[in-house]
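A.B. asks: could you work out the structure for the sequence below:
(one chain, ligands or ions: 1)
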Amino acid sequence: MESFTIASKKVLTLVLVIDKAGQKARNLILLGYKKRGFGAHLWNGFGGKVEPGETAHEGALRELEEEAGITVKSEDFKKAGILLFQFENDPVALETHVYKAYEYQGQIRECEEMRPEWFAFDDIPYDQMWEDDRIWLPMLLNGQDPFFGRMYFKRKALEKETKVAPVVNTSTSAHVNHSTTMTATSFTTAQPKSGPFAMYDHHLEHSLQGVPHEVALDGTIASFEN
Ligand SMILES: Nc1ncnc2c1[nH]c(=O)n2[C@H]1C[C@H](O)[C@@H](COP(=O)(O)OP(=O)(O)OP(=O)(O)O)O1
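C.D. replies: Residues are numbered from 1 along each chain as shown. Below is the predicted model:
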């Protein structure tokens, strides 16, 4: 897979907060509707880039507070795995550290980037999420973690501008050229499913001896966190 070679990577975090309701009520997961930026118009966990000087654990807690308004005690925060996202013809991979929490403190609130909402486990909006989520999220919810996944994405064919057919104005019989141009943004808004990327391939490993801590540039696990 020549076009998926990694030269460098960015470290990101992704946090899933779960409310285990007990036997009678339904288990719930907190997702956020991303209002802007990378992955806009998709539901996702909370997270973002790890800042210089931060560990992934610290960055994940910070992003959860910024995006959902809640805090989690370090001891209630569990590493669920690493997902390495690679994009065709893009040498920068996204090494995403995934965490889960069953307890939290504070009031959940919306921010300018994310709109949080609880979903029952059997009502998760997978058709409005990144395509890889339906592969690993059920594993996380069933306690089949830690996992390590490599997900390969191809950019959808959006670079070329798409002309919409001219419209005939029947009242005047005039041929009005309303041809418009579809941009990546309008495509994403109209068809939120998987955003402007399509998943091309994936490899998922679990039952690892430890939780992956870092991924080497050749895509293999560099070290474990125990
Ligand atoms: N494919 C896929 N599946 C599931 N989750 C993700 C992906 N790709 C991703 O990037 N993500 C997650 C990982 C992060 O939680 C976010 C992306 O973070 P981003 O919004 O770019 O980071 P911030 O630091 O918040 O960004 P700005 O504040 O700088 O806009 O999506």
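
A.B. asks: contacting residues for residue 121?
C.D. replies: 26-29, 141 (Cβ atoms under 8 Å, 6 or more residues apart in numbering). From N, CA and C alone the C-beta is placed, and that goes for glycine too.

A.B. asks: mind running it again at 10 Å?
C.D. replies: 18, 21, 26-29, 137-138, 141-142 (Cβ atoms under 10 Å, 6 or more residues apart in numbering).

A.B. asks: so how far is the ligand from it?
C.D. replies: 18 Å (Cβ to the nearest ligand atom, to the nearest Å).

A.B. asks: got a pLDDT number for that residue?
C.D. replies: Reported pLDDT at residue 121 in the predicted model: 94.

A.B. asks: check residue 189 too.
C.D. replies: Residue-level pLDDT assigned to residue 189 equals 40.

A.B. asks: what about the contacts of residue 121, which are in strands?
C.D. replies: 18, 28-29 (DSSP state E).

A.B. asks: selection in PyMOL covering whichever of these are buried, please.
C.D. replies: Buried members of those, defined by 16 or more other Cβ atoms under 10 Å, are picked up in PyMOL with:
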select buried, resi 18+28+29
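
A.B. asks: got the residues of the chain near the ligand?
C.D. replies: Within the chain, the positions lying close to the ligand (Cβ under 6 Å from any ligand atom) are 12-14, 37-39, 44, 47-49, 85, 94, 96, 130, 132-133, 151.

A.B. asks: so where's this protein uncertain?
C.D. replies: Across the chain, residues meeting the criterion (pLDDT under 70) sit at 1-2, 22-24, 157-195, 206-213, 219-226.

A.B. asks: the longest helix in it is where?
C.D. replies: Of all the segments of type helix in the chain, defined by DSSP state H, the longest one is helix 56-68.

A.B. asks: quick one: buried residues of it?
C.D. replies: For helix 56-68, the buried set under the neighbour-count rule, 16+ other Cβ under 10 Å, comprises 56-57, 59-65, 67-68.

A.B. asks: which other helices and strands contact it?
C.D. replies: Based on contacts counted as 3 or more Cβ pairs under 10 Å, 6 or more residues apart in numbering; DSSP states H and E, the elements that helix 56-68 packs against are strand 8-19, strand 28-34, strand 77-87, strand 90-101, strand 114-120.

A.B. asks: that one relative to strand 114-120, how many degrees between them?
C.D. replies: With axes from the mean of the first three to the mean of the last three Cα atoms, to 10 degrees defining the directions, helix 56-68 sits at 100 degrees from strand 114-120.
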